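quick check, what structure comes out for this input:
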Amino acid sequence: MPHTPAWRSFKRTQDLTVATAVLIYAGAVAHAFGRLPGGVELIAQRTLVWPAIFLSLSFTLPLLIGPVRRPLARYVWMSFQAGFGQNLRSILYGVALLGGAAGLIYWQISNAANGGRYPAGVFSGYAAGIGILAAQAALVRVLEKHPEVKREIEL
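Next comes the predicted model:
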């Protein structure tokens, strides 16, 4: 059965948010390799290895642990009901939040390149955020199979 236009927009926005966050992260990693002090091994460890662990945990744990999955699924459903991803304003807010996070990463890379603190934490934090966004996108597919949700989102 086809879904309502609002649900299709919401689902598409969830997917595009994850894709945009991943592209921002990839750009920040490429930028880091050109700017951060230390060898390739150190930069790879701080921008790829550790963040991959945080991303994996923040993606899988909310999907596997019921007491975490239920509130996150409820949040995803409430986001749909509030109109997230269904109008230009909500999409622009999402883009602004991703842009702000990207700005923070680039700013910390710039600081570290000029002798400041190494930005390992910001990469792991951003990767964890991507994991949560990906879990939310996965929960959209779970929700659309729920009988009560199905009644509201199908034409």
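
so for the biggest helix by length in the chain, what's the average pLDDT?
When the chain is scanned for its longest helix (criterion: DSSP state H), the result is helix 5-35. Helix 5-35 shows a mean pLDDT of 95.

so where's this protein uncertain?
1 (pLDDT under 70).

which residues in it form helices?
Ranges of helices within the chain are 5-35, 40-44, 50-64, 66-81, 88-113, 120-143, 147-153, based on DSSP H.

deepest-packed of these, please.
helix 120-143 (a mean of 20; mean count of other Cβ atoms under 10 Å). The C-beta positions use only the backbone N, C-alpha and C, and glycine is treated the same way.

tell me what angle it forms with helix 5-35.
160 degrees (axes from the mean of the first three to the mean of the last three Cα atoms, to 10 degrees).

hang on, the earlier thing: distance between the longest helix of the chain and the chain's centre?
7 Å (Cα atoms, centre = their mean, to the nearest Å).

what helices or strands is it leaning on?
In this structure, helix 5-35 makes packing contacts with helix 40-44, helix 66-81, helix 88-113, helix 120-143, judged by 3 or more Cβ pairs under 8 Å, 6 or more residues apart in numbering; DSSP states H and E.

and Phe59, what does it touch?
Going by Cβ atoms under 8 Å, 6 or more residues apart in numbering, Phe59 touches 131-132, 134-135, 138.

swap the cut-off to 7 Å and go again
131, 134-135 (Cβ atoms under 7 Å, 6 or more residues apart in numbering).

what of Val18?
Neighbouring residues of Val18 by Cβ under 7 Å, 6+ apart: 130, 133-134, 137.

contact partners for Gly83?
Ser90.

contacting residues for the closest residue to Tyr75 other than its chain neighbours?
Leaving aside its chain neighbours, Tyr75 sits nearest to Gln136 (7.7 Å; criterion: Cβ to Cβ, 6 or more residues apart in numbering). By Cβ under 7 Å, 6+ apart, Gln136 lies in contact with 14, 72, 76.
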